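> Just to be clear, the model below is a prediction. Sequence and coordinates:
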2 protein chains.
Amino acid sequence: MKPLSIGHVARRGGVGVETVRFYEREGLLPKPTRTLSGYRQFDEEIIGRLRFIRRAKELGFTLNEIKELLSLRIDPSTTCADVKVRAETKIADIEAKIDSLKRMKLALVKLTKACSGRGTTSECPILDALDCEEKS
Amino acid sequence: MKPLSIGHVARRGGVGVETVRFYEREGLLPKPTRTLSGYRQFDEEIIGRLRFIRRAKELGFTLNEIKELLSLRIDPSTTCADVKVRAETKIADIEAKIDSLKRMKLALVKLTKACSGRGTTSECPILDALDCEEKS
DNA sequence: ATCGACCCTGTACCATACTACAGAGTCAAG
DNA sequence: CTTGACTCTGTAGTATGGTACAGGGTCGAT
């Protein structure tokens, strides 16, 4: 296998060159070997790793969580169950976010329903609700 | 009305002193008058404004959006309908976020269902799915 | 030999919403 | 008059996930 330049792996992994260097700094990618002139030399599997990162990001994992997933995979003593736990934790996180957003939405919907859409801002129930007079 | 110190409005508004100064810098609060020695002098209504900001944040508005809401309220030519449009836009934003999170969750649930939780990471369907072999 | 495309490091910057100082001045109570 | 609580400005740091240079060096083709 001939080594690939950073530009190559970036293109094929669907990220920018700067992003590859950023991931390397952050420990998501191993330190690659270098040519005599200092150029990074990657091999094919790094492209898979970049795609892994992209997919995990799409699933809502942060870079730190992805780093953990990657280290789980590398450590031979971890089991499939360990990975499953991470995924389940992430599902719970996502559910909590969804609930919170639903509550926000409900509150806003209530406000817009109360609002006729007519008149000036001085009689706007939306702003009034946010105002929440100190009197109370 | 006697003027209030920054510490007072911060406590009563439910935020920190630094946050009040930050909001002032960001244009969410008007520049207060000062004592001869340079201390800020707020009046009661600022506490309401701080609560307005807190509530709007809870509803998912960013500080920039809140700044707009506040300026809408101040500008006498804007109508209640203008505010309603902002609220409806925010509802649509929130719905989009919820949908995106639901898709993430679904994908993760599928993966965890495929995963027996037994065996080593080399046979983990979750990691495999993220891997997405280059062969394909 | 020269040109453009690529690569290197290091630093600074984007948005978001604060938070944490340092180092100084002020105010009110005892 | 001292002490402690409070305030001031200005700067820098937090986490997140990068992006954008500047100012160089290198590689391959012509």
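Here it is on my side, so go on.

> so for stretch A:61-74, what's the average pLDDT?
In this model, stretch A:61-74 carries a mean pLDDT of 86.

> Is chain B within reach of stretch A:83-90?
Yes. Using C-beta under 8 Å from any C-beta of the partner chain, stretch A:83-90 reaches chain B at A:83-84, A:87-88, A:90. Placement of C-beta: from N, CA and C, glycine included.

> Please, which helix or strand holds the closest residue to DNA strand C within chain A?
DNA strand C sits closest to A:G7 of chain A, with a gap of 2.6 Å, by C-beta to the nearest atom of the strand. Take DSSP states H and E as the rule and A:G7 turns out to sit in helix A:6-13.

> buried residues in that helix?
A:6, A:8-10, A:12-13 (16 or more other C-beta atoms under 10 Å in any protein chain shown).

> ok, back up a step: could I get the residues of stretch A:83-90 next to chain B as CSV with neighbour count, pLDDT and secondary structure?
Formatted as CSV, the residues of stretch A:83-90 next to chain B follow (neighbours: other C-beta atoms under 10 Å in any protein chain shown; pLDDT from 0 to 100; DSSP: H, G, I helix; E, B strand; the rest coil):
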residue, neighbour count, pLDDT, secondary structure
A:V83, 24, 87, helix
A:K84, 21, 89, helix
A:A87, 21, 88, helix
A:E88, 15, 90, helix
A:K90, 21, 87, helix
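
> of all these, which comes closest to B:E45?
Using C-beta to C-beta, A:K90 is the member of the residues of stretch A:83-90 next to chain B that lies nearest B:E45, at 43.8 Å.

> so what's A:S116 up against?
Counting by C-beta atoms under 8 Å, 6 or more residues apart in numbering or on different chains, A:S116 makes contact with B:C80.

> what's the distance between it and B:T79?
Applying C-beta to C-beta, to the nearest Å, the value for A:S116 to B:T79 is 10 Å.

> A:I66 too?
47 Å.

> Look at these two and report which has more neighbours.
More crowded of A:I66 and B:T79, by other C-beta atoms under 10 Å in any protein chain shown: A:I66, with 22 against 17.

> picking up where we left off before, chain center to the helix or strand just after the helix holding A:G7, what's the gap?
Note on helix A:6-13: by DSSP H and E, the next helix or strand toward the C-terminus is helix A:17-25. Using C-alpha atoms, centre = their mean, to the nearest Å, the mean C-alpha position of helix A:17-25 is found 16 Å from that of the whole chain.
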